[in-house]
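Asks: I need the structure of the sequence given here:
(one chain, ligands or ions: 1)
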Amino acid sequence: MSTAGFETQDKFPSRITPYVVACWIFAAFGGLMFGYDIGISGGVTAMDDFLIRFFPAVHERKLLAKENNYCKYDDQNLQLFTSSLYLAALFASFAASKVCSIFGRKPTILVASVFFLSGAASSAAAENLWMLIVGRILLGFGVGFGNEAVPLFLSEIAPVEHRGAVNILFQFFVTIGIFIANLVNYGTSKLHPHGWRVSLGLAGVPAFVLFIGSLVISETPTSLIERGNEMAGKMTLKKIRGVDNVDAEFDQIKEASDKARLVQHPFKNLLKRSSVPPVVIAICLQVFQQFTGINAIMFYAPVLFQTVGFKDDASLLSAVITGIVNVASTVVSIYAVDKLGRRKLLLQACVQMLICQAAIGGILLAYLPTTGSLTKVQAIFVVVLVCLFVMSFAWSWGPLGWLIPSETFPQETRTAGFALAVSSNMLCTFIIAQAFLSMLCHMRAFIFFFFGLWIVVMGLFVVFLLPETKGVPIDLMEERVWKQHSVWKRFMD
Ligand code: BGC
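Replies: Below is the predicted model:
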């Protein structure tokens, strides 16, 4: 698969035309779908109507909540409802990388939208648990296809000088999707008995926008040229750049595509010694991103807030507040990432996240016994700490977990390496989604110290093993970054 889209090169002539902006926004709806799916399940699994219909045992336990605060939602099937999506996405992302290289980015996004539409329909109409799970799996296929193609599409279609910001547009739309899902859940929790159907079915709206968008957007020049369609590639380049003088950029894409075509097995190339640094970094960043514990909050925020003593409505409202914080703080990263650099953002966030996790764990340990609840002031304090935690994640590990793997691989392994990053993310998201409620039940407040420990590890990783890549042209990564690094230079020839 060609990887020219991620390349940093000299500035080429371009204008930001309404059409190219429309392409970015339509494609970013893939991120919005991902975010909507992340955000919707927590609220739905906290709705009584939903639990009574599909998980009556959990509902009964919830009524006896006074007996055990930490275990009321611990149910493997309930967690499977949330996590099955990510397992499906994990497998789909490998298939998607093939479709993406053989047929192009545009058809891959189209396929994603069809999966999203059918998944939304199936889960909204679910009459039994299996229909519900089938719906989740279809949505998961959508996420696998969307997350593979959309960041790649955005990077390839953006003018070089805006590539970082356009790449973060994906994460920005993820956070908007989560926020909208929280709002929707807040509203539908009052609609009895079918509010949950509305929550799940409304995913069809952004899916439909993505479907229409996938017909409107153009294929990327890189994909067209790579698949031998040079004339169309050049015309598309003129259209999306808004200028006629695209020869230099066209030549560079062509050269990169010719080179990339020589590599028959990009995944095999990832086993080479010189691939170790970017592979380790891509996998670790995604694993660490998930083991910050962010999705314990994103998936289960309403459940978590109920655990500390909020009523259904108040807990959903608190989840809406964390959603707003998430969106707003992502904007900070768009501005800060190329000024402060990646390492500073990641390290600052480690400190802030560690303090928050330790404080939340400490409060729950001291004041939330197995039965009973926090006082109002204590519970509000927990919400504030959760917001501070989400804030620091949103300007660091959130966007950079996607950005850094896209800028550290050499050209011949760039998209294969990126697929590895996507699948690592899905695997860890699945693990957290499947395990969190059981972990909460067994570890109680200590679960926050568990995530805190991971944050210490990831901080040390950044200090010792993550070089700064701000402002380094991608093709000079080996010379300027790996060969200068005390550990990674040993892997270079
Ligand atoms: C992560 C998701 C997470 C989201 C939160 C993304 O970068 O991959 O797992 O839920 O950020 O905003």
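Asks: for Ser438, helix, strand, or coil?
Replies: Using DSSP: H, G, I helix; E, B strand; the rest coil, the structure places Ser438 in helix.
Asks: nearest residue to the residue in the stretch 301-450 of the chain positioned nearest to the ligand in space, please, no chain neighbours.
Replies: Using C-beta to the nearest ligand atom, the single residue of the stretch 301-450 of the chain nearest to the ligand is Gly398, 4.1 Å away. The way it works is simple: take the backbone N, C-alpha and C, and place the C-beta from them, glycine included. Closest residue to Gly398 apart from its sequence neighbours, by C-beta to C-beta, 6 or more residues apart in numbering: Gln171 at 5.6 Å.
Asks: what does Ser41 give?
Replies: Nearest one to Ser41, counting by C-beta to C-beta, 6+ apart, is Thr82 at 4.5 Å.
Asks: returning to what we had before: surely the residue nearest to Gly398 and Ser396 touch.
Replies: No: counting by C-beta atoms under 8 Å, Gln171 sits too far from Ser396 to count as a contact (11.0 Å).
Asks: between those two, who's got more neighbours?
Replies: Remark: of Gln171 and Ser396, Ser396 carries more neighbours, 28 against 25, as counted by other C-beta atoms under 10 Å.
Asks: for the stretch 101-250 of the chain, which residues are neighbours of the ligand?
Replies: With C-beta under 6 Å from any ligand atom as the criterion, the stretch 101-250 of the chain meets the ligand at residues 171, 174-175, 178.
Asks: and the stretch 351-493 of the chain, by the same measure?
Replies: Proximity of the stretch 351-493 of the chain to the ligand, by C-beta under 6 Å from any ligand atom, involves residues 398, 401, 425, 429.
Asks: what do you get if the cut-off is 5 Å, keeping everything else the same?
Replies: Gly398 (C-beta under 5 Å from any ligand atom).
Asks: could you list the low-confidence segments of the stretch 351-493 of the chain?
Replies: Scanning the stretch 351-493 of the chain for pLDDT under 70 picks out the ranges 371-372, 411, 473-475.
Asks: now do the contacts for Ser396.
Replies: 333, 345-346, 348-349 (C-beta atoms under 8 Å, 6 or more residues apart in numbering).
Asks: want to throw those into TSV with neighbour count and secondary structure?
Replies: Putting the contacts of Ser396 into TSV (neighbours: other C-beta atoms under 10 Å; DSSP: H, G, I helix; E, B strand; the rest coil) gives the following:
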residue	neighbour count	secondary structure
Ser333	25	helix
Leu345	23	helix
Leu346	24	helix
Gln348	15	helix
Ala349	27	helix
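Asks: which residues are in contact with each of Gln171 and Ser396?
Replies: Ser333.
Asks: what secondary structure does Lys190 sit in?
Replies: Lys190 - assigned by three-state DSSP - is coil.
Asks: which single residue in the stretch 151-300 of the chain comes nearest to the ligand?
Replies: For the stretch 151-300 of the chain, C-beta to the nearest ligand atom, closest residue to the ligand: Met298, 4.2 Å.
Asks: packing partners for the helix or strand that contains that residue?
Replies: Element membership for Met298 (DSSP states H and E) is helix 294-307. Counting contacts by 3 or more C-beta pairs under 8 Å, 6 or more residues apart in numbering; DSSP states H and E, helix 294-307 is packed against helix 18-45, helix 163-188, helix 312-340, helix 376-394, helix 414-443.
Asks: buried stuff in the first one?
Replies: Read it as helix 18-45. 20, 23-24, 26-45 (16 or more other C-beta atoms under 10 Å).
Asks: can you check the third one too?
Replies: The neighbour-count check on helix 312-340 (16+ other C-beta under 10 Å) flags 312, 314-323, 325-327, 329-330, 332-334, 336-337 as buried.
Asks: and what of stretch 453-472?
Replies: Buried, per 16+ other C-beta under 10 Å, within stretch 453-472: 454-455, 458-459, 461-462, 466-467, 469, 472.
Asks: got it, and stretch 235-253?
Replies: Neighbour counts over stretch 235-253 (16+ other C-beta under 10 Å) mark 236-237, 240-242, 246, 249-250, 252-253 as buried.
Asks: Ile431 touches Gln286, doesn't it?
Replies: No: in this structure Ile431 lies outside contact range of Gln286 using C-beta under 8 Å: 11.8 Å.
Asks: can you redo the buried residues of stretch 453-472 as a markdown table with secondary structure?
Replies: Output for these, formatted as a markdown table (three-state DSSP):
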| residue | secondary structure |
| --- | --- |
| Trp454 | helix |
| Ile455 | helix |
| Met458 | helix |
| Gly459 | helix |
| Phe461 | helix |
| Val462 | helix |
| Leu466 | coil |
| Pro467 | coil |
| Thr469 | coil |
| Val472 | coil |
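Asks: pLDDT score for Leu346?
Replies: pLDDT, Leu346: 97.
Asks: and it, how far from Ser396?
Replies: 5 Å (C-beta to C-beta, to the nearest Å).
Asks: with Cys284 instead?
Replies: Taking C-beta to C-beta as the measure, Cys284 falls 15 Å from Ser396.
Asks: for Pro193, same thing?
Replies: 41 Å.
Asks: next: Pro467.
Replies: Distance of Pro467 to Ser396, computed by C-beta to C-beta: 16 Å.
Asks: what's around Leu78, how many residues?
Replies: Using other C-beta under 10 Å, Leu78 has 20 neighbouring residues.
Asks: give me the neighbour count for Gln352.
Replies: 18.
Asks: wait, it touches Trp395, no?
Replies: No: using C-beta under 8 Å, Gln352 is not in contact with Trp395, being 9.8 Å away.
Asks: tell me how many other residues surround the closest residue to Lys11 other than its chain neighbours.
Replies: Leaving out its chain neighbours, the residue that sits closest to Lys11 by C-beta to C-beta, 6+ apart is Glu161, at 5.7 Å. When neighbours are defined as other C-beta under 10 Å, Glu161 has 12 of them.
Asks: just use 23 as the starting number from now, easier for me
Replies: I'll keep to 23 as the first residue from here, and by that count the last item is Glu183.
Asks: surely Glu183 and Phe34 touch.
Replies: No: at 9.1 Å, Glu183 and Phe34 do not qualify as touching, with contact defined as C-beta under 8 Å.
Asks: Leu475 and Leu407: what is the separation?
Replies: Distance, Leu475 to Leu407, by C-beta to C-beta: 18 Å.
Asks: check Val444 too.
Replies: In this view, Val444 and Leu407 are 31 Å apart by C-beta to C-beta.
Asks: re earlier: can you lay out the helices and strands packed on helix 316-329 as JSON lines showing distance to Ser177?
Replies: Putting those into JSON lines (distance: least, C-beta to C-beta, whole Å) gives the following:
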{"stretch": "helix 40-67", "distance to Ser177": "11"}
{"stretch": "helix 185-210", "distance to Ser177": "6"}
{"stretch": "helix 334-362", "distance to Ser177": "15"}
{"stretch": "helix 398-416", "distance to Ser177": "21"}
{"stretch": "helix 436-465", "distance to Ser177": "9"}
